[in-house]
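Asker: Kindly generate the corresponding structure for this input.
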Amino acid sequence: MVLRPTSHRRQPRGFTLLLALGVVAVVTMAVMLSFSVVGREADTQADTRRQKQAFFAAEAGLAEGRETLRLLLTNNGANTTMALPTALGGVAPVGDIPALAAANPPWYELLPGPGADKWNKYTLLKANLGASEIPTGVDYPEQNNVRYRVFIRDDMDDDQSTVDSNRQMWVLAVGEVTTANGRPTRSMVQALVTNATGESIFAPGCITKGCGPDMTYDNPTDIKAPSGATITLP
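Answerer: Numbers count the residues shown, from 1 in each chain. As a prediction, this is how the structure comes out:
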């Protein structure tokens, strides 16, 4: 009798298990990638928010600095010059901010804060708000990590870097948002401020059309002044 070779059944080699592990790996990588994208988007939005907060704090400091400078020039009276260190109480030039410490002419602290770091806190807390300012059922986000500093220096109208002679100076405001972990977000704005002794009038109508400063058409540059006819409005 002739013996014929019989075919052996294929032995299982774990292909299904490998396929399942591959699918799990792909899904895991997709989930991790999604978390990474969401995290980067959240970081970007948070950084944008901090940049706006720092800018608004710097703008608030600049407005306060302009008013303080106006009062300094007003108190200086009819004097044609004003020594900045003396007018500011004998302060020394700024030395704790490297970018400002090396400046010429030097910057001086215009609005020093109460603490040793000289920062002015731009704090908004629920305890300082009225009941009508917080909507019912709203978790009001408190702001306790925003601050600003304001500096001043001469505009170099002459060779005296510490003495102002034209009642015109630079005001620089620095706004900053601190974080528990990581670098702070900082914004800086500056303006050249001039002390004006007269009244400035800004209004639509006659002035914007080239009329006289007394809000009338008594101006030789006016080509066609209106007639004196009476107009009755309904």
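Asker: which residue packs closest to the residue positioned nearest the centre of the chain, ignoring adjacent ones?
Answerer: Of all residues in the chain, the one closest to the mean position by C-alpha atoms, centre = their mean is residue 55, 0.5 Å from it. Using C-beta to C-beta, 6 or more residues apart in numbering and skipping the chain neighbours, the partner closest in space to residue 55 is residue 187 (4.3 Å). Quick note: C-beta positions are derived from backbone N, CA and C, even for glycine.
Asker: Tell me which helix or strand residue 22 sits in.
Answerer: Taking DSSP states H and E as the criterion, residue 22 maps to helix 15-75.
Asker: That helix - what's its average pLDDT?
Answerer: Averaged over helix 15-75, pLDDT sits at 85.
Asker: need the helices for this structure, in chain order.
Answerer: 15-75, 84-87, 98-101 (DSSP state H).
Asker: got the contact list for residue 149?
Answerer: Residue 149 is in contact with 61, 109, 111-113, 118-120, 173-174, counting by C-beta atoms under 8 Å, 6 or more residues apart in numbering.
Asker: tell me what the helix holding residue 22 is packed against?
Answerer: Helices and strands touching helix 15-75, by 3 or more C-beta pairs under 8 Å, 6 or more residues apart in numbering; DSSP states H and E, are strand 146-154, strand 168-177, strand 185-194.
Asker: Just say which of the ones you listed is most tucked in.
Answerer: Of all the helices and strands packed on helix 15-75, strand 146-154 carries the top mean neighbour count, a mean of 24, counting by mean count of other C-beta atoms under 10 Å.
Asker: Which neighbours in the sheet does that one have, and how are they oriented?
Answerer: Here strand 146-154 has these sheet partners by DSSP bridges: strand 108-109 (antiparallel), strand 120-121 (antiparallel), strand 168-177 (antiparallel).
Asker: Turn those strands into TSV, including distance to residue 70 and mean pLDDT.
Answerer: Formatted as TSV, the strands paired with strand 146-154 follow (distance: least, C-beta to C-beta, whole Å; pLDDT from 0 to 100):
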stretch	distance to residue 70	mean pLDDT
strand 108-109	16	92
strand 120-121	18	92
strand 168-177	10	92
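Asker: Minimum distance to residue 95: which of those strands has it?
Answerer: strand 108-109 (10.1 Å; C-beta to C-beta).
Asker: Quick one: residues in contact with the closest one.
Answerer: Strand 108-109 has contacts (C-beta under 8 Å, 6+ apart) with 84-85, 88, 91, 93-94, 118, 149-153.
Asker: What of stretch 120-135?
Answerer: Residues outside stretch 120-135 that contact it (C-beta under 8 Å, 6+ apart): 57, 60-61, 111, 113, 140, 142-144, 146-150, 175.
Asker: mind running it again at 7 Å?
Answerer: Applying C-beta atoms under 7 Å, 6 or more residues apart in numbering, the contact partners of stretch 120-135 are 57, 60-61, 111, 113, 140, 142-144, 146-149.
Asker: and it, which residues are buried?
Answerer: 120, 122 (16 or more other C-beta atoms under 10 Å).
Asker: Now do it: distance to the chain's middle.
Answerer: 20 Å (C-alpha atoms, centre = their mean, to the nearest Å).
Asker: mean confidence for stretch 89-98?
Answerer: The average pLDDT within stretch 89-98 is 87.
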